[in-house]
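S.K.: any chance you can model this:
(one chain, ligands or ions: 1)
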Amino acid sequence: MRNILLLEPDYKNKYPPLGLMKIATYHRMLGDKVKFYKGDMKQFVINSIVDELLLKLHAIDKTIFLNKKKSMLLEYIKTGKQHLLEELLPKSNFNPTIKTWLIYYKDYYREKKYVNKPKWDRAYITTLFTFHWKKTIETIMFSKNLVKDTKQIKIGGVLATVLSDEMEKETGISTHKGLLNKPEIFDNNNIIIDELPLDYSILDEINYKYPENNAYYGYMTRGCIRKCKFCAVWKIEPTFNQFISYFDKFKYIKENFGDKRNLLLLDNNVLASKKFPDIIDEIKKCGFTKNATFIEPNHLDIAIKNLKKGINDNAYISKSFEQIHYLLNKLNNRSQQDLYNLLDEYELLEKHSVTKQNLIKIYPFIKNTYEKYRNKISKRRNVDFNQGVDVRLINEENIKLLSEIPIKPLRIAFDSMKYKDIYIKAVTLAKKYDITHLSNYLLYNETDKPEELYQRLKINIMLCDSLKINIYSFPMKYHPINGGNYLDRNYLGKFWNRKFVRAVQTILNVTKGKVGVGKSFFLKAFGKNQKEFFKILYMPEPYILYRYFFEEKGHTDKWWEEFNSFNISDKRNVKKIIETNEFNHFSLNSKNETIMKFIKKYYKISRDINNPKSRFYKEKQAYDKAESQNLKNKIMKKVHSKSNSTNTKTCLAD
Ligand code: SF4
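M.R.: Now for the predicted structure:
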């Protein structure tokens with residue numbers, strides 16, 4: 001039996017690491033011990049040391065349970081503070097021995113002795129985007145301290161595939177490129193890891209909660225028929241596989257980990273499949289028919305069953321604890337007190353003192369109450385082809401098939417104005433078949449011009465208006481995935497400049513990255529027309545961010561007047577400087593005093609808006625205060641008029 005460590009670097013991401021979930025299934029099949037971790041690597045070492053220490057102390061004196069002081073123990077190992085050592089010592093005849101072990105393990109961590117005694121036989125590290133480069137490299141480098149043999153560090157995923165040479169150069173460890181779709185990639189056996197079902201239990205081992213965690217994940221095709229230059233798919237999955245059945249995996253997941261609400265398919269170009277009708281049939285067979293609903297399964301029952309089977313104790317201890325405490329919060333007065341007493345008796349009140357045996361022991365006593373109070377609210381199910389569908393392949397036949405499943409949202413990319421007509425046709429077809437929730441990625445900063453981003457966004461707003469549908473637009477900044485610019489987050493497309501890219505990001509920061517359906521909001525955020533869009537792009541950043549304040553106080557008009565007062569040649573120079581987005585006086589290179597003065601204001605405004613001593617700051621504070629008072633007054637007025645009308649009705653009824 002080998003000790004297998006699965007690591008995901010400590011970045012925030014939406015979806016669980018599917019590759020690691022399959023690798024977890026693989027190693028459990030081989031009878032290995034598997035642990036998943038995502039978070040600070042030093043904390044991981046501290047946690048492992050404390051777990052080992054607790055076992056040791058309990059073996060010395062069966063009557064002491066330092067589990068209750070686990071957080072203090074963690075702090076002591078981390079910081080080595082003397083007063084914590086004194087507080088930790090229990091009432092025991094074995095105190096001298098206990099003290100020795102506490103000090104030993106504290107030094108074991110603080111003097112990095114763990115490096116000399118690695119306990120993991122193999123570590124797998126998943127990788128994702130280029131902008132997670134630093135954290136990914138840190139995780140790989142740290143993992144070298146944890147494995148017995150660094151040849152057993154296996155790195156895979158998107159980043160490891162597209163930048164494998166660079167990663168190897170940086171870490172000294174070669175990466176696995178592409179899929180795990182062949183036998184004998186890691187061991188001498190015939191198992192094809194990519195075809196295995198996902199092990200959902202590992203997600204309950206970590207504190208991080210993936211925003212999209214209640215779904216069946218999978219693929220029903222692999223690869224893509226195209227080779228877009230900004231995309232890594234054709235490198236990772238060079239062959240297009242038309243149909244991969246999902247039903248058996250769906251059944252396995254449902255039986256072992258409980259039913260999931262949604263179906264999230266990560267196919268890269270599902271419409272390119274000649275077996276698309278079969279794919280839709282199988283989706284329906286998995287219970288995702290139009291208007292299908294879902295009720296959460298009995299999570300406590302699943303957790304206890306899996307504890308009994310011995311599948312991932314860490315995960316299911318944590319899950320059972322969470323569910324029992326969910327129940328405790330649901331109960332009232334008397335029953336709550338009864339459960340509280342029971343949990344106290346079995347030391348299940350604190351996470352640190354929970355044991356598998358006690359969870360299994362108390363389950364029969366709480367089973368029926370849990371079943372009575374668990375969440376049984378019925379919810380709509382959704383199917384999401386998360387990577388989007390290829391707008392060039394949408395036709396009446398496939399959109400009709402898509403409309404037979406609860407697709408929400410329908411994701412379509414609109415990457416270039418050259419697809420304008422087919423994009424509009426596709427959206428109109430979707431509406432014809434009653435698919436009314438759409439999501440749209442818009443690539444910018446590639447070969448497009450800034451005005452084309454505006455045009456595409458406006459087309460979406462107009463389509464929402466005329467077809468009465470919802471399209472959420474997500475502008476995505478192009479960033480090369482290979483070549484000399486792969487780590488340069490400041491990459492600029494041919495027609496873009498630093499200020500414009502920054503201005504678009506500033507607008508999107510306000511809208512949290514997406515552009516919704518509201519026409520008036522869009523026209524305010526991006527401008528009523530292209531001319532106004534460019535005016536916004538040239539504005540000082542705080543003017544974009546705090547649009548209303550600067551407009552209402554007349555600052556925006558004043559700035560615009562000044563901007564337009566330059567003659568043609570000076571204006572060209574002014575624009576050139578603004579486009580660099582460098583307003584610090586050191587980088588100014590104009591000899592024209594008026595230009596210098598104008599540009600310096602960009603720097604000054606950005607600085608002053610955050611400086612409590614500045615005029616702008618004070619003015620803005622007063623404005624915000626007045627605005628919030630206005631809002632309160634409006635709400636009060638509404639509440640007042642509502643209660644008056646209720647009173648009137650009562651009077652009339654009388
Ligand atoms: S169509 Fe989509 S998945 Fe296929 S290569 Fe282009 S971007 Fe990648």
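S.K.: list of residues touching stretch 146-153?
M.R.: 5, 45, 114, 118-123, 125, 140, 143-144, 172-173 (Cβ atoms under 8 Å, 6 or more residues apart in numbering). All C-beta spots, glycine's among them, are computed from the backbone N, C-alpha and C.
S.K.: what about these, which are in strands?
M.R.: Leu5, Arg122, Ala123, Ile125 (DSSP state E).
S.K.: out of the residues you listed, what pair is the most spread apart?
M.R.: Arg122 and Ile125 (10.8 Å; Cβ to Cβ).
S.K.: thought Leu88 was touching Leu102, still the case?
M.R.: Yes: in this structure, Leu102 is within contact of Leu88 by Cβ atoms under 8 Å, at 6.3 Å.
S.K.: which one's more surrounded, those two?
M.R.: Neighbours of Leu102 and Leu88, each counted by other Cβ atoms under 10 Å, are more numerous for Leu102; the result is 21 against 17.
S.K.: which ones are touching the more buried one?
M.R.: Leu102 makes contact with Leu53, Tyr76, Leu85, Leu88, Leu89 under the criterion Cβ under 8 Å, 6+ apart.
S.K.: what's around the residue of the stretch 1-150 of the chain found nearest the ligand, how many residues?
M.R.: Closest residue of the stretch 1-150 of the chain to the ligand, Cβ to the nearest ligand atom: Phe129 (14.8 Å). Close neighbours of Phe129, defined as other Cβ under 10 Å, add up to 16.
S.K.: just the pLDDT for it.
M.R.: Listed pLDDT for Phe129 reads 84.
S.K.: can you confirm Pro211 is in a helix?
M.R.: No: counting by DSSP: H, G, I helix; E, B strand; the rest coil, Pro211 is not part of a helix but coil.
S.K.: look up how far Ala413 lies from the closest residue to it other than its chain neighbours.
M.R.: Counting by Cβ to Cβ, 6 or more residues apart in numbering, Lys14 is the residue found nearest to Pro211 once chain neighbours are left out, at 5.0 Å. In this view, Lys14 and Ala413 are 18 Å apart by Cβ to Cβ, to the nearest Å.
S.K.: more neighbours, those two?
M.R.: Ala413 (21 against 9).
S.K.: hey, what's that one bridged with?
M.R.: Tyr441 (DSSP bridges).
S.K.: gap between it and Arg374?
M.R.: 40 Å.
S.K.: low-confidence ranges in the stretch 451-600 of the chain?
M.R.: 481-489, 517, 585-590 (pLDDT under 70).
S.K.: which residues touch stretch 553-565?
M.R.: Counting by Cβ under 8 Å, 6+ apart, residues outside stretch 553-565 touching it are 535, 538-540, 543, 547, 550-551, 571, 574, 598, 601, 619, 623.
S.K.: can you say which of these are buried?
M.R.: Buried residues within the contacts of stretch 553-565, counting neighbours by 16 or more other Cβ atoms under 10 Å: Lys535, Tyr538, Met539, Pro540, Tyr543, Arg547, Phe550, Val574, Phe598, Lys601, Glu619, Tyr623.
S.K.: in the stretch 401-550 of the chain, what residue comes closest to the ligand?
M.R.: Taking Cβ to the nearest ligand atom, the stretch 401-550 of the chain has Ala413 as its residue nearest the ligand, at 7.3 Å.
S.K.: I figured that residue hits Tyr441, correct?
M.R.: Yes: using Cβ under 8 Å, Ala413 is in contact with Tyr441, at 4.7 Å.
S.K.: circling back: buried ones among the ones in strands among the contacts of stretch 146-153?
M.R.: Counted by 16+ other Cβ under 10 Å, those give Leu5, Arg122, Ala123, Ile125 as buried.
S.K.: who's the first one bridged to?
M.R.: Bridge pairing for Leu5 (DSSP bridges) gives the partners Lys35, Ala123.
S.K.: what's the neighbour count on Tyr546?
M.R.: When counting by other Cβ under 10 Å, one arrives at 18 neighbours for Tyr546.
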